[in-house]
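Undergrad: Next come a sequence and a model predicted from it.
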Amino acid sequence: MTKTYDAIIIGTGQAGPFLAQRLAGAGMKVAIIERKLFGGTCVNTGCTPTKTMVASAYAAHMVRRAADFGVVDNGPSSVDMKLVKSRKDAIVGQSRTGVESWLRGMTNCTVYQGNGRFESSKEVSVGSERLTANRIFINVGGRAVVPKMPGIEEVPYLTNSSIMDVDFLPRHLVIIGGGYIGLEFAQMYRRFGSEVTIIETASHLAQHEDEDVSTAIRGILEQEGINVRLNATCIGFSRRGEEILAHVDCVSGDPEVSGSHVLLAVGRRPNTDDLGLTEAGVAVDKRGYIVVDDQLRSSVPGIWALGDCNGKGAFTHTAFNDAEIVAANLLDNDPRKVSDRITAYALYIDPPLGRAGLTEAEVRKSGRHALIGRRPMTKVRRAVEKGEAQGFMKIIVDAQTHQILGAAILGTGGDEAIHSILDVMYARAPYTLIQRAVHIHPTVSELIPTMLGQLQPLADTAGAPR
Ligand SMILES: Cc1cc2nc3c(=O)[nH]c(=O)nc-3n(C[C@H](O)[C@H](O)[C@H](O)COP(=O)(O)OP(=O)(O)OC[C@H]3O[C@@H](n4cnc5c(N)ncnc54)[C@H](O)[C@@H]3O)c2cc1C
């Protein structure tokens, strides 16, 4: 027998549970379906476990650096990977059970466990159950891409999910992909004690960043002994006894990298392939992302797509914001939209990169008249005092409107300090608002007004001032 609801939500990632609460709170009868782990990627195999492990890696790093701070550490220190993992598992477990019990205890909300699949535009099956609703919300997230590289099926490999079960130290971790996920794992495992090699097909790491940012990131990682192989082509794999060989054609360096373990970090794909979207008539693009409008409505009236599966964002905060947008439109008569959102994210290497708005390259490409301010972290007293003066910050301002176009803070506290810039961008206020604000000393943020007081015309690629 088909059960009727006011709303069905497929997936309990970063959008589904909040939306369930809003809809159920408004009196709707809601069904929410989860096929695997409550809380989705961020909680189980993404943000939470990685940042928990980044914290363990930071502790290991600081123990090694103790003498730099006058702290004498006479005993040999070591990293116990079983303890690192159990700390991570405990923190992840708390979050996951928190999401599950929140949903199970929610008035007007019924939880279904199993694979949700469209049978038609108004019907979803979960195991032997059939559910129907006039409003269906897809929040199915994504998973790691396993690239069709020669030999990939012949070697064991890890992804961001399976590496969560690792409770030992890989002797030599070869990471395919120098994007955000690959870089976080690279530094983390290097700090735990593994040899680490990153193999990246692009000409620079974190390829969406400006070249100066990416060069500085590379410097930080190489200083810690991470091997970086760029411009890699013809990547393939084979085995030699216990060793995994990654074959690679680079401008320089050996044509073979021999490691004990391989981590694939070459991107993610949406979980839309086994969802019955054809039966529902929901349009996807050629990469499988559900096509949505600015208010996250799919091509079928009554079906919305939120989070990573719509290709409009790839972060927890964008997925959560998707839920806010849908709830505002449906319940609050507030026409919020995706295009109100300013790009913002962090890369959690140490020191972290906080980013907001356009990159310098994007501003240059747009051809607009702009001003730029830069400051090395060696000129940020707080960073020097903490013994963490790697990196730099920069900010770009529209020369006519004086609005901030974008910023990058690669440095200690950069993931937090970027928010003072982001909030002024949301306010669409002129940069002088921050420039005249009195920030607390000593902080990283206090140098943002100083940097804004020293803006220069942004030279174009040929070096001429704009
Ligand atoms: C290693 C790593 C680190 C990351 N770090 C960060 C970070 O620091 N900050 C940040 O903002 N973002 C980070 N992200 C990205 C972040 O995890 C995702 O952007 C976020 O989880 C997307 O949320 P979502 O709700 O779209 O989907 P998900 O969190 O992926 O949730 C989707 C849920 O739907 C379920 N599901 C899928 N198909 C079905 C189905 N047919 N039926 C029922 N249930 C289904 C899945 O089991 C899953 O629980 C990281 C990602 C990775 C991989």
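TA: Okay, I see it. Residues are numbered from 1 along each chain as shown.

Undergrad: Helix, strand, or coil at the nearest residue to residue 339 once chain neighbours are set aside?
TA: Residue nearest to residue 339 in three dimensions, not counting chain neighbours: residue 294, with 5.4 Å by Cβ to Cβ, 6 or more residues apart in numbering. Yep, even glycine has a C-beta here, placed from its N, CA and C like the rest. Here residue 294 is coil, with the state taken from DSSP: H, G, I helix; E, B strand; the rest coil.

Undergrad: Need the phi and psi values for the closest residue to the ligand within the stretch 251-400 of the chain.
TA: Distances between the stretch 251-400 of the chain and the ligand by Cβ to the nearest ligand atom are smallest at residue 307, namely 2.2 Å. With angles defined as degrees, to the nearest 10, residue 307 sits at phi 80, psi -160.

Undergrad: Residue 46 is in contact with that one, correct?
TA: No - Residue 307 lies out of contact with residue 46 (Cβ atoms under 8 Å); the separation is 11.8 Å.

Undergrad: For the two, indicate the residue with more neighbours.
TA: residue 307 (32 against 24; other Cβ atoms under 10 Å).

Undergrad: Please identify the helix or strand for the closest residue to that one other than its chain neighbours.
TA: Spatial nearest neighbour of residue 307, excluding adjacent residues (Cβ to Cβ, 6+ apart): residue 319 at 3.5 Å. Secondary structure assigned from DSSP states H and E places residue 319 in helix 316-331.

Undergrad: right, and the helix or strand after that helix?
TA: Trace forward from helix 316-331 with DSSP H and E and the next one is strand 344-347.

Undergrad: Which strands border that following strand, and is each parallel or antiparallel?
TA: Strand 344-347 pairs in its sheet with strand 353-357 (antiparallel), by DSSP bridges.

Undergrad: In terms of secondary structure, what does the helix or strand that comes right after the strand it pairs with contact?
TA: For strand 353-357, the succeeding helix or strand toward the C-terminus, using DSSP H and E, is helix 360-366. Packing partners of helix 360-366 (3 or more Cβ pairs under 8 Å, 6 or more residues apart in numbering; DSSP states H and E): strand 392-398, strand 404-410.

Undergrad: Swap in 10 Å and give it another go.
TA: Secondary-structure packing of helix 360-366 (3 or more Cβ pairs under 10 Å, 6 or more residues apart in numbering; DSSP states H and E): helix 211-223, strand 370-376, strand 392-398, strand 404-410.

Undergrad: when you scan the helix holding residue 319, is anything in it near the ligand?
TA: Yes - using Cβ under 6 Å from any ligand atom, helix 316-331 reaches the ligand at 316-317, 319.

Undergrad: Can you tell me what sits against stretch 331-343?
TA: With contact meaning Cβ atoms under 10 Å, 6 or more residues apart in numbering, stretch 331-343 is reached by 19, 22-23, 25-26, 28, 292-296, 310, 312-313, 315, 317-318, 321-322, 324-329, 355-359, 362, 404, 406, 422-423, 425-426.

Undergrad: So the residue nearest to residue 307 versus residue 27, what's the distance?
TA: According to Cβ to Cβ, to the nearest Å, residue 319 and residue 27 sit 25 Å apart.

Undergrad: Return the per-residue confidence for residue 255.
TA: Each residue has a pLDDT score; the one for residue 255 is 85.

Undergrad: where does this protein come near the ligand, residue by residue?
TA: Residues of the chain lying near the ligand (Cβ under 6 Å from any ligand atom): 10-15, 33-37, 40-42, 45-47, 50-51, 115-116, 139-142, 160, 181, 271, 275, 307-308, 314-317, 319, 348.

Undergrad: Need the overlap of contacts for residue 307 and residue 46.
TA: With Cβ under 10 Å, 6+ apart as the test, residue 307 and residue 46 both reach 13-14, 40, 141, 315-316.

Undergrad: Quick one: buried ones out of those residues?
TA: Neighbour-count burial (16 or more other Cβ atoms under 10 Å) applied to the shared contacts of residue 307 and residue 46 gives 13-14, 40, 141, 315-316.

Undergrad: export the helices and strands packed on helix 360-366 to JSON lines and tack on mean pLDDT?
TA: Supplementary listing: the helices and strands packed on helix 360-366 in JSON lines, determined by pLDDT from 0 to 100:
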{"stretch": "helix 211-223", "mean pLDDT": "98"}
{"stretch": "strand 370-376", "mean pLDDT": "98"}
{"stretch": "strand 392-398", "mean pLDDT": "98"}
{"stretch": "strand 404-410", "mean pLDDT": "98"}
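
Undergrad: What residue, apart from its backbone neighbours, is nearest residue 456 spatially?
TA: residue 372 (6.0 Å).

Undergrad: can you pull the contacts of the one you found?
TA: Counting by Cβ under 10 Å, 6+ apart, residue 372 makes contact with 360, 363-364, 394-397, 405-406, 451, 454-459, 466.

Undergrad: Restricted to buried residues, select those residues in PyMOL.
TA: Buried members of the contacts of residue 372, defined by 16+ other Cβ under 10 Å, are picked up in PyMOL with:
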select buried, resi 360+363+364+394+395+396+397+405+406+451+455+458
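
Undergrad: got the residue ranges for the helices in this structure?
TA: Assigned by DSSP state H, the chain shows helices spanning 16-25, 40-44, 47-64, 81-104, 180-192, 211-223, 277-280, 316-331, 360-366, 381-385, 414-426, 432-435, 447-452.

Undergrad: Any chance of JSON lines for those, columns distance to residue 257?
TA: Formatted as JSON lines, the helices of the chain follow (distance: least, Cβ to Cβ, whole Å):
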{"stretch": "helix 16-25", "distance to residue 257": "40"}
{"stretch": "helix 40-44", "distance to residue 257": "28"}
{"stretch": "helix 47-64", "distance to residue 257": "22"}
{"stretch": "helix 81-104", "distance to residue 257": "22"}
{"stretch": "helix 180-192", "distance to residue 257": "13"}
{"stretch": "helix 211-223", "distance to residue 257": "15"}
{"stretch": "helix 277-280", "distance to residue 257": "39"}
{"stretch": "helix 316-331", "distance to residue 257": "32"}
{"stretch": "helix 360-366", "distance to residue 257": "30"}
{"stretch": "helix 381-385", "distance to residue 257": "34"}
{"stretch": "helix 414-426", "distance to residue 257": "31"}
{"stretch": "helix 432-435", "distance to residue 257": "45"}
{"stretch": "helix 447-452", "distance to residue 257": "40"}
